[in-house]
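Student: Sharing a model prediction with you, sequence too.
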Number of protein chains: 2
Amino acid sequence: MPCSSPSPVHGLPGRFITFEGGEGAGKSSLAEGLSRALAARGIDVLRTREPGGSPLAERMRGLLLAGAFNASGPQAEAVMFALARSDHLSKTIVPALARGAVVLCDRFFDSTRAYQGARGGVGPELLDELEREAVGGCRPDLTLVLDLPVEVGLDRAGARRAGAAVDRFEQESLAFHEAVRQGFLATAAADPRRCRVLDATLEPAAVLERAWAHVAAAVGLDAPRPA
Amino acid sequence: MPCSSPSPVHGLPGRFITFEGGEGAGKSSLAEGLSRALAARGIDVLRTREPGGSPLAERMRGLLLAGAFNASGPQAEAVMFALARSDHLSKTIVPALARGAVVLCDRFFDSTRAYQGARGGVGPELLDELEREAVGGCRPDLTLVLDLPVEVGLDRAGARRAGAAVDRFEQESLAFHEAVRQGFLATAAADPRRCRVLDATLEPAAVLERAWAHVAAAVGLDAPRPA
């Protein structure tokens, strides 16, 4: 079942929904729950993620997390994220939206803005330009921002990792993660038509139910319950 | 005037023509001459180049030539070239081919293969995979390889530069540039339907006349002279 009309944002028949928030906020679990609820209604769903989501962008993700670009500087990192995003869009997201699918994407450009903004070295004007150059008119119809106190999120991420290696984004200081959180909240406040902030300290079922109301509206469904 | 039929290679109405070869071989002058000859016949022509050719890929080019990725390693460099190529294709080349233009592109994937192959650190299998992931079915209809002894090319590039800074690709040794030359010739020998080798020691007018015969055939013109 395709969506009932073209997206008012990008003009393609599908719907583009992104999930944003810090470590341990529950983005993956929420996307999984929404994916099941949509599929149960016969809707074509594609789950994807950033950095990554296409063969080349996944290679870039692997190199990035392994530290290949640590010496390249924040501007180079921002350009590479934008290039990977462009490939992800043209190879994965746009074809899915063109066939009428609902695309659920774990992180998108708001994460670049929040993390690069917190790290410094790249001004908001350059981030705006890179976003325009990478994304053009293919912006999300809906962005769900999962908000959580930093300590809670890092505890959850640590428990989930259970002894596995800490990646470079988890290694940063508490102050850094707090700046990331404030970055996401600032983005949501600046773009209230697109973004919905959800309290991620709630039980997963409660987060899913609240998220479902927004997703159902974006997709054009009127069913009140996710499951 | 559009081309007479869809390209047999990528199925779009335009024609995709690339120029390859070492430093100082005369790729830009040849593209300029062919562009004028095509435009004089009322054909829509787009000139572009790699690395670069789209806003994001041009940013990557600037960072690369400034050395931002010198510490990243040859695999990371190859992935970045592929990402930049994907953006260049989706933002610049494919839209031009879709409207029926003849795209003249100074360097494309054969340069990645020749330079990365000469530098080492990235095997031909990975280069094949990156090419497939970046380019998909949008391969050139015609590739003109300008062949020249290495010393002649570097002398020309040095004279053209006339005191300006040497870029990182010109700094390499003679043996490196010889390996690049052999890489281009090996590519041309392996793909004779797509590639035409031109003797770039000839006078520019003679190179243009020989190139024109191949371009006219690719575009579907029968006019024998470029000007």
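Tutor: Structure's in. What do you need?
Student: what about the strands in chain A?
Tutor: With DSSP state E as the criterion, chain A has strands at A:15-21, A:45-49, A:102-106, A:142-147, A:195-199.
Student: mind giving me CSV with the ones you listed and columns for mean pLDDT?
Tutor: Shown next, in CSV, are the strands of chain A (pLDDT from 0 to 100):
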stretch, mean pLDDT
strand A:15-21, 98
strand A:45-49, 98
strand A:102-106, 98
strand A:142-147, 98
strand A:195-199, 98
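Student: Would you tell me which of those strands gets closest to chain B?
Tutor: strand A:45-49 (15.7 Å; Cβ to the nearest Cβ). C-betas here are computed from N, CA, C, even on glycine.
Student: In its sheet, which strands sit next to that closest one, and in what direction?
Tutor: Strand A:45-49 pairs in its sheet with strand A:102-106 (parallel), by DSSP bridges.
Student: ok, A:His214 - contacts?
Tutor: Contact analysis of A:His214 by Cβ atoms under 8 Å, 6 or more residues apart in numbering or on different chains lists A:142, A:144, A:196.
Student: re the thing from before, among the strands of chain A, which is the most enclosed?
Tutor: strand A:15-21 (a mean of 26; mean count of other Cβ atoms under 10 Å in any protein chain shown).
Student: any chance of the strands of chain A in TSV, plus distance to A:His88?
Tutor: Shown next, in TSV, are the strands of chain A (distance: least, Cβ to Cβ, whole Å):
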stretch	distance to A:His88
strand A:15-21	12
strand A:45-49	7
strand A:102-106	8
strand A:142-147	16
strand A:195-199	20
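Student: Can you check which of those gets nearest to B:Ser173?
Tutor: Closest approach to B:Ser173 among the strands of chain A (Cβ to Cβ): strand A:45-49, 42.6 Å.
Student: can you give me how far that closest one is from the chain middle?
Tutor: 11 Å (Cα atoms, centre = their mean, to the nearest Å).
Student: Give me the angle between it and strand A:15-21.
Tutor: Here the directions of strand A:45-49 and strand A:15-21 differ by 40 degrees (axes from the mean of the first three to the mean of the last three Cα atoms, to 10 degrees).
Student: Give me the contacts around strand A:45-49.
Tutor: A:31-32, A:35, A:38-39, A:88, A:92-93, A:96, A:101-107.
Student: likewise stretch A:122-138?
Tutor: So stretch A:122-138 is contacted by A:9-12, A:16, A:74-75, A:78-79, A:81-83, A:85-86, A:89, A:93-94, A:97, A:109, A:112-113, A:116-117, B:54-56, B:59, B:87 (Cβ under 8 Å, 6+ apart).
Student: buried ones in it?
Tutor: For stretch A:122-138, burial by neighbour count (16 or more other Cβ atoms under 10 Å in any protein chain shown) applies to A:122, A:126-127, A:129-131, A:133-135, A:138.
Student: quick one: contacts of the least confident helix or strand in chain A by mean pLDDT?
Tutor: Lowest on mean pLDDT, DSSP states H and E among the helices and strands of chain A sits helix A:150-161, with a mean of 84. Residues from elsewhere that reach helix A:150-161, judged by Cβ under 8 Å, 6+ apart: A:21-26, A:170, A:174, A:177-178, A:181, A:200-201.
Student: Swap in 7 Å and give it another go.
Tutor: Residues outside helix A:150-161 that contact it (Cβ atoms under 7 Å, 6 or more residues apart in numbering or on different chains) are A:22-25, A:170, A:174, A:177-178, A:181, A:201.
Student: ChimeraX command for the buried members of these?
Tutor: Per 16+ other Cβ under 10 Å, the buried members of the contacts of helix A:150-161 correspond to this ChimeraX selection:
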select /A:22,23,24,25,177,181
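Student: Show me the shaky parts of chain A.
Tutor: A:1-4, A:161-171, A:222-225, A:227 (pLDDT under 70).
Student: Could I get the contacting residues of the residue nearest to the spatial centre of it?
Tutor: In chain A, the centroid-proximal residue (Cα atoms, centre = their mean) is A:Arg107; its distance is 2.0 Å. When contacts are counted by Cβ under 7 Å, 6+ apart, A:Arg107 touches A:19-20, A:49-50.
Student: circling back to that earlier point, the strands of chain A: which one's closest to B:Ala188?
Tutor: Among the strands of chain A, strand A:45-49 comes nearest to B:Ala188, with 38.5 Å by Cβ to Cβ.
Student: how far away is A:Gly62 from A:Leu89?
Tutor: Counting by Cβ to Cβ, to the nearest Å, the gap between A:Gly62 and A:Leu89 amounts to 19 Å.
Student: what's the answer for A:Ser7, then?
Tutor: A:Ser7 is 14 Å from A:Leu89, by Cβ to Cβ.
Student: Neighbour count: those two, which is higher?
Tutor: A:Leu89 (24 against 19; other Cβ atoms under 10 Å in any protein chain shown).
Student: Next one: the nearest residue in space to A:Ser90 that is not next to it in sequence relative to A:Leu63, how far apart?
Tutor: Nearest non-adjacent residue to A:Ser90, counting by Cβ to Cβ, 6 or more residues apart in numbering or on different chains: B:Ser90, 4.0 Å away. Distance, B:Ser90 to A:Leu63, using Cβ to Cβ: 21 Å.
Student: picking that back up, from the buried residues of stretch A:122-138, which is closest to chain B?
Tutor: A:Glu133 (4.3 Å).
Student: who in chain A is up against chain B?
Tutor: A:55-56, A:59-60, A:63, A:68-69, A:71-73, A:76, A:79-80, A:82-84, A:86-87, A:90, A:133-134 (Cβ under 7 Å from any Cβ of the partner chain).
Student: Mark which of the residues you listed are buried, thanks.
Tutor: A:55-56, A:59-60, A:63, A:68-69, A:72, A:76, A:79-80, A:82-84, A:86-87, A:90, A:133-134.
Student: A:Pro74 and A:Tyr115 touch, don't they?
Tutor: No. Counting by Cβ atoms under 7 Å, no contact exists between A:Pro74 and A:Tyr115, whose distance comes to 10.0 Å.
Student: More neighbours: which of the two?
Tutor: The residue with more neighbours, out of A:Pro74 and A:Tyr115, is A:Tyr115; 22 against 13, by other Cβ under 10 Å.
Student: Next one: the residue lying closest to the more buried one once chain neighbours are set aside from A:Leu104, what distance?
Tutor: Spatially, and ignoring its direct neighbours in sequence, A:Tyr115 is nearest to A:Val180 (5.8 Å; Cβ to Cβ, 6+ apart). Noted for A:Val180: a distance of 21 Å to A:Leu104, by Cβ to Cβ.
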